[in-house]
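J.: build me a model from this:
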Amino acid sequence: MTVLASLASAPNRSRGRLHPEDDSGPRGPRDIFQRDRDRIIHSIAFRRLRHKTQVFVAPDGDHYRVRLTHSLEVAQIGRTIARALGLNEDLTETLCLAHDLGHPPFGHAGEDALQDATADAGGFDHNGHTIRIVSQLETPYAGFDGLNLSWEALEGLAKHNGPVAAPEWALAEANSEFDLELDSWPSLEAQVAAIADDIAYDNHDVDDGLRAGLIDVEALLEVPLVERHWRAIVERSGELPPDKMQRALVRDLIGTMVGDVIAETQRRACEAGVGTASEVRAAGVQLAGFSSQLGKDEEVLKRFLYDRLYNAPELLSVRAEAQRVVTDLANAYRANPKLLPSEWRSSDELGQVRRIADFIAGMTDRFAIAQHSGLIGPVKLPDRF
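T.: This next block holds a predicted model:
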């Protein structure tokens, strides 16, 4: 196996942090990327992910993924790929753990509602809000706002899905302060974090969908990638009880996808002739990803999940109610900012709308439900799904 260690982001060659830091006092034997990771883990925003929806709006549904467990699973997959390729595991883990910090309550349903409610103030984008959180809203340090992450961590979060041609206001604001070179591809660590995210949610949404009874096994087996793995499991282990079969399927699908990404990333890097982390950024193409065939198979799986899970009638009605909660809260706070805690108020009209978005985006699902119930009226969402 070819190890791409020469393409790794090296902590001793980091472009540093926006704000110089006084390293006097106890800090422990950690490099800049290890500190980035630890700052994410110890942040308030990271802790809130335990009560933020991944797919299912389930305040008390213990067995479904939420943003926190999803982020941990992405980190496990990202570390595995980074280690096999000889990349920096700490930077990869930082990006995996932090990539969903900016999500508001109720997943993409909440994001859509918040975008509509604040469109006249530039709208809302969870990726830009992640940067806003780590650059401004988390305030654990005396000398500056934000977590003061390394340039490489900020770059990886900003370009989570590749180059950004037209950054929305929050990302543009952060970029004006610390140029993240938004028009280029990010480090290989960031690219690995992005594909690890795809691998995690593809497979764990299959698991959760089956568990919730929203995905039918017979329909799922019409997806060629799934059918091949299902058949291989039966040949290897015989007919298993449904729960064991489900878990074996998810394990094998993840293993196949991880192995494919490792081999394909090696192939693309060699073909591109890149030899350093800087050359990765200058290559102008995505280097970490699925092979052509597996990419096609994964797209079929994604279409199945959109048709049978994300757009399932049972979820659409729940999503509509979740969007009503976010919309009602935004409208109430805009009509009367005195309903907000004092630290979230602003004398500037544009700034006030954006502070309202900051406040709502920071809410967990259950806190948003409680706020709506107290200020506006009852919420009709299931206790579990």
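J.: state the next helix or strand along the chain beyond the biggest helix by length in the chain.
T.: If you go by DSSP state H, the chain has its longest helix at helix 242-272. Next in sequence after helix 242-272, counting helices and strands by DSSP states H and E, comes helix 277-282.
J.: helices or strands up against that following helix?
T.: Of the remaining helices and strands, none touches helix 277-282 by 3 or more C-beta pairs under 8 Å, 6 or more residues apart in numbering; DSSP states H and E. For every residue, glycine as well, the C-beta is placed using N, CA and C.
J.: next, the buried residues of it.
T.: Neighbour-count burial for helix 277-282, counted by 16 or more other C-beta atoms under 10 Å, picks out 277, 280, 281.
J.: please apply the same query to stretch 75-92.
T.: 75, 77-82, 84-92.
J.: could I have the CA atoms of it written out in CSV?
T.: Provided in CSV are the C-alpha atoms of stretch 75-92 (Å, rounded to 0.1, in the frame of the first residue of the first chain):
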residue,chain,number,x,y,z
ALA,A,75,-14.4,10.7,13.2
GLN,A,76,-13.9,7.0,13.5
ILE,A,77,-14.1,6.5,9.7
GLY,A,78,-12.0,9.5,9.0
ARG,A,79,-9.2,8.4,11.3
THR,A,80,-9.2,5.0,9.7
ILE,A,81,-8.7,6.4,6.2
ALA,A,82,-6.2,9.1,7.4
ARG,A,83,-4.1,6.5,9.1
ALA,A,84,-4.0,4.2,6.1
LEU,A,85,-3.0,7.0,3.9
GLY,A,86,-0.4,8.4,6.2
LEU,A,87,-2.2,11.7,6.7
ASN,A,88,-2.6,13.8,9.9
GLU,A,89,-5.1,12.0,12.1
ASP,A,90,-5.6,14.8,14.5
LEU,A,91,-6.5,17.4,11.9
THR,A,92,-8.8,14.8,10.2
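J.: circling back: pLDDT of the longest helix of the chain, averaged?
T.: The pLDDT scores in helix 242-272 average 97.
J.: and stretch 185-203, by the same measure?
T.: Stretch 185-203 comes out with an average pLDDT of 97.
J.: now find how far off-centre it is within its chain.
T.: Centre-to-centre, stretch 185-203 and its host chain are 9 Å apart (C-alpha atoms, centre = their mean, to the nearest Å).
J.: one more: stretch 371-385?
T.: 26 Å.
J.: stretch 359-378 now?
T.: On C-alpha atoms, centre = their mean, the centre of stretch 359-378 falls 22 Å from the chain's centre.
J.: start at 42, not 1
T.: With the count now opening at 42, the last piece we talked about shows up as stretch 400-419.
J.: quick one: end-to-end distance for it.
T.: Using C-alpha to C-alpha, to the nearest Å, one end of stretch 400-419 lies 20 Å from the other.
J.: what sits up against it?
T.: 86, 89, 91-94, 98, 100, 143-147, 151, 155, 165, 167, 170, 178, 363, 366-367, 369-371, 373-374, 380-382, 385, 420, 422 (C-beta atoms under 8 Å, 6 or more residues apart in numbering).
J.: and the residues you listed, which of them are in helices?
T.: Going by DSSP H, the helices hold 86, 89, 151, 155, 167, 170, 363, 366-367, 369-371, 373-374 from these.
J.: could you provide those residues in TSV, with additional columns for distance to residue 308, pLDDT and neighbour count?
T.: Formatted as TSV, those follow (distance: C-beta to C-beta, whole Å; pLDDT from 0 to 100; neighbours: other C-beta atoms under 10 Å):
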residue	distance to residue 308	pLDDT	neighbour count
86	37	98	22
89	39	97	19
151	39	95	28
155	40	98	27
167	32	96	21
170	35	98	25
363	42	93	26
366	47	97	27
367	44	97	27
369	51	98	19
370	48	98	24
371	47	98	21
373	54	98	17
374	51	98	24
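J.: what's the closest of those to residue 74?
T.: residue 86 (18.9 Å; C-beta to C-beta).
J.: next up, phi/psi of residue 191, please.
T.: When read as degrees, to the nearest 10, the backbone of residue 191 gives phi -60, psi 160.
J.: also residue 195?
T.: Taking degrees, to the nearest 10 as the convention, residue 195 sits at phi -60, psi -40.
J.: distance of the residue lying closest to residue 120 once chain neighbours are set aside from residue 240?
T.: Nearest residue to residue 120, sequence neighbours excluded (C-beta to C-beta, 6 or more residues apart in numbering): residue 130, at 5.2 Å. Distance, residue 130 to residue 240, using C-beta to C-beta, to the nearest Å: 17 Å.
J.: same deal with residue 140?
T.: 13 Å.
J.: have a look at the two and say which one is more surrounded.
T.: Neighbour count, other C-beta atoms under 10 Å: between residue 140 and residue 240, residue 140 has more, with 28 against 25.
J.: how many residues are close by the residue lying closest to that one once chain neighbours are set aside?
T.: Counting by C-beta to C-beta, 6+ apart, residue 201 is the residue found nearest to residue 140 once chain neighbours are left out, at 5.7 Å. Per other C-beta under 10 Å, the neighbour tally for residue 201 reads 22.
J.: residue 201 and residue 394: what is the separation?
T.: 25 Å.
J.: now do residue 156
T.: 12 Å.
J.: between these two, which is the more surrounded one?
T.: residue 394 (22 against 18).
J.: contacts only, for that one.
T.: So residue 394 contacts 159, 161, 162, 375 (C-beta under 8 Å, 6+ apart).
J.: filter these down to the buried ones, ChimeraX style.
T.: Buried subset of the contacts of residue 394, written as a ChimeraX selection, criterion 16+ other C-beta under 10 Å:
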select :159,162,375
